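In: next input, structure requested:
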Amino acid sequence: MVSAIICTHNPRPDYFARTLTALEAQTLPREKWELLLVDNGSAPDKAPHPGLSWHPRARLVNEEKLGLTPARLRGIREAAGELLVFVDDDNVLDADFLEIALRTAEERLYLGAWSGQCRPGFEETPPGWTRRYWGNLVIREFDHDVWSNLPRLPETMPCGAGLCVRREAALHYLHLHESGNRSFQLDRTGTSLLSGGDNDLAACACDVGLGVGLIAALKLTHLIPPERLTEDYLVRLAEGIYYSSTLLDWERGVPTGPRTAWGRAADFLRVMRLKQPHRRILGAVFRGRDRATRQLAEDPCTRAGGRPLGVE
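Out: Below is the predicted model:
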């Protein structure tokens, strides 16, 4: 069985309706998959009230601890499937998505986590200058399947939108959190723009001796509102991503240290050569990395400290 898991917090009603409509249209017979909707502390007037009667194995569960990480962990605990597919509340899956995800699990036994192509679903035509940052918005299109057993290799790292994870890897991720080895969240909580929990979850496939990869036939559309294409949002997003990435590198044994004086000088020159808004965004990248390395230097036991992390 496949477990399709939607973690949501104050979902936008029209986007969420499209997400559910796409799931209802899946070609995989419903007896082969279940649907779990995890409501993560939505406000009473914004809580999802979906009609799920169309699916015989659909359930709504509530996770009051705020944050995408607690919501994912709750989904893992509740799931019955051997393959877990995480669907964001602004993802519109192609009709054959779950069918291809299951086929991949059956045919590629060496993979423990994978995702596919994420096409953009813009409400408005975005400014041309934003294109270089679409990857930060989880937009990814490619022609060929790739995979590796390297947990921090960008070229083969799955993304959180439509992330497919074998149960063995998901339970390992759950154990890391329940055992105290992940006492901080690398995902969004409230208004923070942290990210990285999906990378950590996918990397757990490598921890249990499997690989990670990208499957070209696996496709979805990521719905993106205009406010996520503004300069201010992309600046905040860049800082959050690189702050989280630096902490995750440290957690997974990738050498992480402060920039040298020469490095800072070189980076300053790189920033100053750019025009706005690219100057602000690259500055946010360095600021996010510096904040993380300072925190690690001040508290090398961050993992055990349990301090809340965030970029507001």
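
In: drop to CA atoms for contacts and neighbour counts, all remaining ones
Out: OK.

In: and the chain, what are its domains?
Out: Per the record, the chain has its domains at 2-225, 233-305, by automatic domain parsing.

In: can you classify the closest residue to Phe97 other than its chain neighbours by secondary structure?
Out: Once flanking residues are discounted, Phe97 sits nearest to Leu218: 5.7 Å by CA to CA, 6 or more residues apart in numbering. Following DSSP: H, G, I helix; E, B strand; the rest coil, Leu218 is assigned to strand.

In: my guess is Leu218 contacts Ser115. True?
Out: Yes - Leu218 lies in contact with Ser115 (CA atoms under 8 Å); the separation is 7.0 Å.

In: and those two? Which one has more around it.
Out: Set Leu218 next to Ser115 and count neighbours by other CA atoms under 10 Å: Ser115 wins out with 28 against 22.

In: circling back: worst mean pLDDT among the domains of the chain?
Out: Mean pLDDT is lowest for domain 233-305 out of the domains of the chain, coming in at a mean of 85.

In: can I assume Ala47 sits in a helix?
Out: No - read with three-state DSSP, Ala47 is coil and lies in no helix.

In: so who does it touch?
Out: His9, Asn10, Pro11, Asp39, Gly41 (CA atoms under 8 Å, 6 or more residues apart in numbering).

In: from those, which land in strands?
Out: Among the contacts of Ala47, the members found in strands (DSSP state E) are Asp39.

In: how near is the residue nearest to Phe97 to Glu99?
Out: Relative to Glu99, Leu218 is positioned 9 Å away (CA to CA, to the nearest Å).

In: likewise Pro225?
Out: 28 Å.

In: kindly report the same for Thr260.
Out: For Thr260, the distance to Glu99 - CA to CA - is 49 Å.

In: kindly report the same for Asp90.
Out: 20 Å.

In: what do you get for Leu150?
Out: With CA to CA as the criterion, Leu150 and Glu99 are 26 Å apart.

In: how about the helices in the stretch 101-250 of the chain?
Out: Taking DSSP state H, counting those that start in this stretch as the test, the helices found in the stretch 101-250 of the chain are 167-178, 197-207, 231-251.

In: which outside residues touch the shortest one?
Out: Counting by CA under 8 Å, 6+ apart, helix 197-207 makes contact with 69, 111-114, 149-152, 157-160, 163, 165-166, 168-170, 172-173, 185-187, 211-212, 248, all of which sit outside it.

In: what inclination does that helix have with respect to helix 167-178?
Out: 120 degrees (axes from the mean of the first three to the mean of the last three CA atoms, to 10 degrees).

In: cool, and the last one?
Out: Counting by the same axes, to 10 degrees, helix 231-251 points 90 degrees away from the direction of helix 167-178.

In: give the next helix or strand downstream of helix 231-251.
Out: helix 261-272 (DSSP states H and E).

In: which helices and strands does that following helix pack with?
Out: helix 278-298 (3 or more CA pairs under 8 Å, 6 or more residues apart in numbering; DSSP states H and E).

In: okay, angle between the helix it packs on and helix 261-272 too, please.
Out: Using the same axes, to 10 degrees, helix 278-298 lies at 150 degrees relative to helix 261-272.

In: buried ones in helix 278-298?
Out: Neighbour counts over helix 278-298 (16 or more other CA atoms under 10 Å) mark 278-293, 296 as buried.

In: restrict that helix to CA atoms and write it as PDB.
Out: What follows is helix 278-298, C-alpha atoms only, in PDB (Å, rounded to 0.1, in the frame of the first residue of the first chain):
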ATOM      1  CA  HIS A 278      20.500  40.100  -7.000                       C
ATOM      2  CA  ARG A 279      22.800  41.900  -4.600                       C
ATOM      3  CA  ARG A 280      20.300  41.700  -1.700                       C
ATOM      4  CA  ILE A 281      19.600  38.000  -2.400                       C
ATOM      5  CA  LEU A 282      23.300  36.900  -2.500                       C
ATOM      6  CA  GLY A 283      23.900  39.000   0.600                       C
ATOM      7  CA  ALA A 284      21.100  37.000   2.300                       C
ATOM      8  CA  VAL A 285      22.800  33.700   1.300                       C
ATOM      9  CA  PHE A 286      26.000  34.700   3.100                       C
ATOM     10  CA  ARG A 287      24.000  36.100   6.000                       C
ATOM     11  CA  GLY A 288      22.200  32.800   6.400                       C
ATOM     12  CA  ARG A 289      25.400  30.800   6.300                       C
ATOM     13  CA  ASP A 290      27.100  33.200   8.800                       C
ATOM     14  CA  ARG A 291      24.200  33.000  11.300                       C
ATOM     15  CA  ALA A 292      24.400  29.200  11.300                       C
ATOM     16  CA  THR A 293      28.200  29.000  11.600                       C
ATOM     17  CA  ARG A 294      28.100  31.600  14.500                       C
ATOM     18  CA  GLN A 295      25.500  29.600  16.200                       C
ATOM     19  CA  LEU A 296      27.500  26.400  15.900                       C
ATOM     20  CA  ALA A 297      30.600  28.100  17.100                       C
ATOM     21  CA  GLU A 298      28.800  29.500  20.200                       C
END
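
In: thanks a lot, see you next time.
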